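Colleague: Give me a 3D structure for the following:
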Amino acid sequence: MERTSGKIKTMAAAAAAVVLVGLAIIIYGLTRDDLPRSIGGLGLTVIGLTALVLIVMRRWVTDTRQERALLAASQREAQAERARYFAAQAALENEQGRLNLDVAAARRALDVRLQAEREAMAKDFEAKRGDLIAETMEATFRMIHGDKLAAERAASGRLIQFPRQHPEPQPERARSREHGVVGP
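Modeller: Purely as a prediction, here's the structure:
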């Protein structure tokens with residue numbers, strides 16, 4: 001740092017000397033009415049002032065290497081995060097596609113199984129239906145030959161009994177004497 005500071009001071013002194021020489025040449029050219037000499041002095045002055053400005057600015061401008069390194073690290077981290085995100089998204093899409101294929105395969109298997117069960121139930125139903133029809137026909141045949149399905153004879157009419165002209169005496173009911181009520 002000391003060595004750098006010494007170099008900067010030397011460069012600043014040289015730039016200041018160039019500015020002073022340039023100003024001196026401008027003044028000398030103006031007093032002698034020598035235009036080329038005045039323009040040459042102006043050039044030296046501008047060069048010296050530019051050098052001074054660069055030297056001073058170099059002191060004020062900080063070293064950005066550390067910030068650049070942090071920025072580069074942040075950018076690498078962001079790129080890595082972006083790559084992980086895309087990888088996770090691709091994995092998710094692959095998994096979703098695999099699940100969709102699994103569900104479709106399971107659906108097809110269930111459809112095949114359901115169709116087979118329906119056909120088995122239809123065959124079983126037809127077999128039982130035939131057996132039931134045969135049993136019913138046999139029972140009907142036996143009932144016909146056993147005269148259990150013969151037409152019923154006309155039922156004789158019922159005679160309606162009229163009440164007798166003289167009713168039989170019925171025992172009298174006991175009169176209620178509760179709560180002071182006197183019955184007929």
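Colleague: CA only for contacts and neighbour counts going forward, please
Modeller: OK.
Colleague: From what I see, residue 21 and residue 42 are in contact.
Modeller: No. At 9.8 Å, residue 21 does not count as touching residue 42 under the criterion of Cα atoms under 8 Å.
Colleague: So the two - more neighbours on which side?
Modeller: residue 42 (20 against 17; other Cα atoms under 10 Å).
Colleague: Would you confirm that that one contacts residue 27?
Modeller: No. With contact defined as Cα under 8 Å, residue 42 does not reach residue 27; the gap is 9.8 Å.
Colleague: burial measure for residue 45, as a count.
Modeller: When neighbours are defined as other Cα under 10 Å, residue 45 has 24 of them.
Colleague: let me fix that: residue 46
Modeller: When neighbours are defined as other Cα under 10 Å, residue 46 has 16 of them.
Colleague: what secondary structure does it sit in?
Modeller: Three-state secondary structure (criterion: DSSP: H, G, I helix; E, B strand; the rest coil) places residue 46 in helix.
Colleague: Isn't it up against residue 19?
Modeller: Yes. The criterion here is Cα under 8 Å, and residue 46 meets it with residue 19 at 7.4 Å.
Colleague: next one: the longest helix along the chain to chain centre, how far?
Modeller: Taking DSSP state H as the assignment, the helix of the chain that covers the most residues is helix 65-145. If you compare the mean C-alpha spot of helix 65-145 with that of the full chain, they lie 21 Å apart, counting by Cα atoms, centre = their mean, to the nearest Å.
Colleague: avg pLDDT for it?
Modeller: Helix 65-145 shows an average pLDDT of 92 in the prediction.
Colleague: do stretch 5-12 as well
Modeller: Per-residue pLDDT values across stretch 5-12 average out to 81.
Colleague: Could I get the buried residue list for that stretch?
Modeller: 8, 12 (16 or more other Cα atoms under 10 Å).
Colleague: try stretch 33-52
Modeller: Those buried within stretch 33-52 under the rule 16+ other Cα under 10 Å are 37-49, 51-52.
Colleague: got a list of contacts for it?
Modeller: Stretch 33-52 is contacted by residues 12, 15-30 when judged by Cα atoms under 8 Å, 6 or more residues apart in numbering.
Colleague: could you redo the last one with a cut-off of 6 Å?
Modeller: 15, 18-19, 22, 25-26, 29 (Cα atoms under 6 Å, 6 or more residues apart in numbering).
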